[in-house]
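Enquirer: coords please:
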Amino acid sequence: MANTNKQAAPEKFKTMIGGQALIEGIMMRGPQKDAVVVRQKDGLNIEVKDRKVPPKKSVLNWPLIRGVRNFFDAQIVGVKALMHSADLSPDEEQEEPSKFDKWLEKKLGSEKFQKVVIGMAVFMGLVMSIGLFFLLPMVIGGFFDRWIDSMLMINLVEGLIRIVIFIGYIILISRMKEMKRVFSYHGAEHKTIRCYEAGLPLTVENVRTMSRLHPRCGTSFLVVVMILSILVFSIASSLLLAVVPALEDLYGTFLYRLIMIAFKLLMLPLVVAISYELNRFVGRHDNWLTRIITAPGMWFQNFTTREPDDSMIEVGIAAVEAVLPEKEGEDIW
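Expert: Just a heads-up that it's a prediction; the model follows:
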């Protein structure tokens, strides 16, 4: 984790432009366009697509609703970009499609088959994430109710287990050889956006001096979700017991644990929605309070980002430039 304390140049503005590290590349999202930039042996492969932005008065942009919508939208776009980067990357060996894949593509057609594959990838990713970071801590924490009769303490135990699993997962994948280059591209993405927000020309020399840590990173969002879930689950569970007092008679039983696990899973969209609104607030302000809120996420980025080389920085610059709005200032958050 060397060189983490590089310059965090003063921001002249905060941009809504953000991205995701890919296999040998970066996906960047702007207010009107998305770009997938992949480094190939013979240069850069840049693909820019127009982005459909919901009308500002749409119900999808209402507070809380927009958080859940943006979460699922980010998952779908991210999986598409990741699969596309794998196809473009020259170092990735293309596996021969299975007989089932060939049959399914023939029956559905190429476009529908692609949608099915992306949908299944998003679904499996969500199932694995919810199972590992939420369901498993709930199951483990539920067994403590035979010794703890406080709903707040039970949720605190679950939260601590969740955070420990998350830390272990992040540290584990950060040590994987295949992920080190992906995390370096993640660092290039952050450094380039830092440079852009500082109002400096997007050159390799300028970007190189920037910090690889950024307060509006997706990692910070996940950390907020982890911590906020403790508070939301505690309040929601207490309200449930107040509305349905008969549940207290089942306290400590297997049925009680199943009911509480199901109820908390139903509360997950609310946790995501509140976390998104909190991240929006933090992203638009810079003071002692917002710095405290973003501190855990910034620390986690020491594991999810690495210092990029100049070729990776070039990818970051190309990705940001590809999604810049035609009119200056339209990307201000």
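
Enquirer: Roughly how far does Lys177 sit from Tyr251?
Expert: Computed with Cβ to Cβ, to the nearest Å, the distance linking Lys177 and Tyr251 is 48 Å. C-beta: built from backbone N, CA, C; applies to glycine.

Enquirer: again, but for Ala35
Expert: For Ala35, the distance to Tyr251 - Cβ to Cβ - is 53 Å.

Enquirer: Give the residue from the two that has the larger number of neighbours.
Expert: Comparing Ala35 with Tyr251 by other Cβ atoms under 10 Å, the one with more neighbours is Ala35, at 24 against 14.

Enquirer: and the more buried one, that's in a helix?
Expert: No - counting by DSSP: H, G, I helix; E, B strand; the rest coil, one finds Ala35 to be strand, located in no helix.

Enquirer: If you drop the residues flanking it in sequence, what lies closest to it?
Expert: With Cβ to Cβ, 6 or more residues apart in numbering as the criterion, Ala35 has its nearest non-adjacent residue at 3.7 Å, and that residue is Ala322.

Enquirer: Make sure that neighbour is actually in contact with Met27.
Expert: No - counting by Cβ atoms under 8 Å, Ala322 stays clear of Met27, with 10.4 Å between them.

Enquirer: shared neighbours of the two, which are they?
Expert: 35, 37 (Cβ atoms under 8 Å, 6 or more residues apart in numbering).

Enquirer: Where does the prediction get shaky in the stretch 101-250 of the chain?
Expert: The stretch 101-250 of the chain contains residues with pLDDT under 70 at 101-111, 113-114.

Enquirer: Let's see that with 50 instead.
Expert: Within the stretch 101-250 of the chain, no range satisfies pLDDT under 50.

Enquirer: Tell me who's in contact with Gly187.
Expert: Gly187 makes contact with 212, 305-308, 312, according to Cβ under 8 Å, 6+ apart.

Enquirer: List the contacts of stretch 221-236.
Expert: 133-134, 151-152, 155-156, 158-159, 162-163, 166, 263-264, 267-268, 270-272, 274-276, 278-279, 293, 296-297, 300.

Enquirer: let's see it at 6 Å
Expert: 152, 155, 159, 162-163, 166, 264, 267, 271, 275, 278-279, 296-297, 300 (Cβ atoms under 6 Å, 6 or more residues apart in numbering).

Enquirer: What of stretch 137-144?
Expert: With Cβ under 6 Å, 6+ apart, stretch 137-144 has contacts from 154, 157-158, 161-162, 257, 261.

Enquirer: neighbours around Arg284, how many?
Expert: The number of residues near Arg284, taken as other Cβ under 10 Å, comes to 12.

Enquirer: same deal with Tyr196?
Expert: With other Cβ under 10 Å as criterion, Tyr196 counts 25.

Enquirer: where exactly do the helices run in the stretch 51-200 of the chain?
Expert: Listed in chain order, the helices of the stretch 51-200 of the chain (DSSP state H, counting those that start in this stretch) span 65-88, 99-108, 110-130, 136-142, 151-174, 177-197.

Enquirer: Quick check: phi and psi at Val38.
Expert: phi -120, psi 130 (degrees, to the nearest 10).

Enquirer: Helix, strand or coil: sort out Ile26 for me.
Expert: strand.

Enquirer: so who does it touch?
Expert: 19, 37, 185, 189, 315-316, 319.

Enquirer: by contact count, what packs against the helix or strand harbouring Gly316?
Expert: Element membership for Gly316, per DSSP states H and E: helix 310-323. Applying 3 or more Cβ pairs under 6 Å, 6 or more residues apart in numbering; DSSP states H and E, one finds that helix 310-323 contacts strand 25-29, strand 33-40, strand 43-50, helix 177-197, helix 204-208.

Enquirer: Name the nearest of the contacts of stretch 221-236 relative to Glu197.
Expert: Proximity of the contacts of stretch 221-236 to Glu197 (Cβ to Cβ) peaks at Asn279, which lies at 16.2 Å.

Enquirer: Find the helix or strand that that closest one is a member of.
Expert: Going by DSSP H and E, Asn279 is in helix 268-284.
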